[in-house]
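Participant: task: produce atomic coordinates for the following.
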Amino acid sequence: MLYSLIEQHKDGSWWYHPGDTFNTPEEVEACFRETYWWDLERPHKVFEHEEPMCQEHPTCSFDLDKFNFGGFVYWPKEYYGTLVK
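Facilitator: Below you'll find the model as predicted:
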């Protein structure tokens, strides 16, 4: 069994970010506290699954059944140095 961190956005979608999969639920919670230290009230879940999640880009779901990419996200160039699509 695999355990992944998924966090909820304001529109109700649940997002998975590549690399946020672990062997135990405790590792997921530790990842959440480290990643979202500035927003510990953010809704999140330990998502239990058997098949690996996508590691090519973030994915999201509204029903926690099908995870798809939510569209194109352009981060400010000054934030990452290059545009990410």
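Participant: so which bits of the top helix by length along the chain are buried?
Facilitator: Criterion DSSP state H: the longest helix present in the chain is helix 25-35. Residues 28, 31-32 are the ones in helix 25-35 that count as buried (16 or more other C-beta atoms under 10 Å). All C-beta atoms are positioned from the backbone trio N, CA, C, and that covers glycine.
Participant: and the contacts of that helix?
Facilitator: For helix 25-35, contacts defined as C-beta atoms under 8 Å, 6 or more residues apart in numbering pick out 3-5, 7, 20, 22, 40, 44, 46, 48.
Participant: average pLDDT for it?
Facilitator: In this model, helix 25-35 has a mean pLDDT of 97.
Participant: what's the answer for stretch 53-65, then?
Facilitator: Computed over stretch 53-65, the average pLDDT equals 88.
Participant: how far off centre is it?
Facilitator: In terms of C-alpha atoms, centre = their mean, to the nearest Å, the centre of stretch 53-65 is set 8 Å apart from its chain centre.
Participant: buried residues, it. List them.
Facilitator: By 16+ other C-beta under 10 Å, the buried positions in stretch 53-65 come out as 53, 59-61.
Participant: ok, stretch 35-43 next?
Facilitator: In stretch 35-43, counting by 16+ other C-beta under 10 Å, buried: nothing.
Participant: and the residue nearest in space to the middle of the chain, what element?
Facilitator: Computing the C-alpha centroid of the chain and ranking residues by C-alpha atoms, centre = their mean puts Tyr16 first, at 2.4 Å. Remark: Tyr16 resides in strand 14-22, with elements defined by DSSP states H and E.
Participant: report all helices and strands that that strand contacts.
Facilitator: Other helices and strands packing on strand 14-22, by 3 or more C-beta pairs under 8 Å, 6 or more residues apart in numbering; DSSP states H and E, are strand 2-8, helix 25-35, strand 44-49, strand 59-61.
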